[in-house]
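Peer 1: here are the coordinates; sequence isn't available:
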């Protein structure tokens, strides 16, 4: 039996954790830089815990993010890598990015019907 050869770049590349939260007719795609799960961010009197119970999900890599960004209409991004990738893809603007304790956050709403 031949050993399985893994693509070294995929093994070493930092990933993202994704999940979908649904409520009624709406679904929200959450994307977080994997190394941030479980971290507590503090800035001034504000603190935010990136709870694994909320952010747990499937690990994906940058090459998969493009399709996810294109095919979902409400997206929460947490982390400098995921937010930077979304901005490079033309989603959102730098002015829409919020930073807490050095970590970028971006929420994307894509309206596809006439409102």
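Peer 2: Done, it's in. Computed from a prediction, not measured in an experiment: that's the story for all the values here.

Peer 1: any idea which helix or strand comes after the helix or strand bottoming out on mean pLDDT in the chain?
Peer 2: Of all helical and strand segments in the chain, the minimum by mean pLDDT, DSSP states H and E falls on helix 8-12, at a mean of 48. Downstream of helix 8-12, the next assigned helix or strand under DSSP states H and E is strand 16-23.

Peer 1: Give me the sheet partners of that following strand and which way each runs.
Peer 2: When pairs are called by DSSP bridges, strand 16-23 turns out to pair with strand 26-33 (antiparallel), strand 58-60 (antiparallel).

Peer 1: buried sites along the longest one?
Peer 2: Within strand 26-33, the residues that count as buried by 16 or more other Cβ atoms under 10 Å are 28, 29, 30, 31, 32, 33. Any C-beta I mention is one placed from the backbone N, CA and C, and that applies to glycine too.

Peer 1: Can you tell me which of the residues you listed is closest to residue 110?
Peer 2: Within the set of the buried residues of strand 26-33, residue 29 lies nearest residue 110; the separation is 10.9 Å, counting by Cβ to Cβ.

Peer 1: Skipping adjacent residues, who's closest to the closest one in space?
Peer 2: By the measure of Cβ to Cβ, 6 or more residues apart in numbering, the closest residue to residue 29 outside its immediate chain neighbours is residue 72, 4.2 Å from it.

Peer 1: same deal with residue 74?
Peer 2: residue 28 (4.7 Å).

Peer 1: residue contacts, the one you found?
Peer 2: Neighbour list for residue 28: 20, 21, 22, 74, 75, 76 [criterion: Cβ atoms under 8 Å, 6 or more residues apart in numbering].

Peer 1: how many other residues sit next to the last one?
Peer 2: Counted by other Cβ atoms under 10 Å, the residues lying close to residue 76 total 16.

Peer 1: That concludes my questions; thank you for your assistance.
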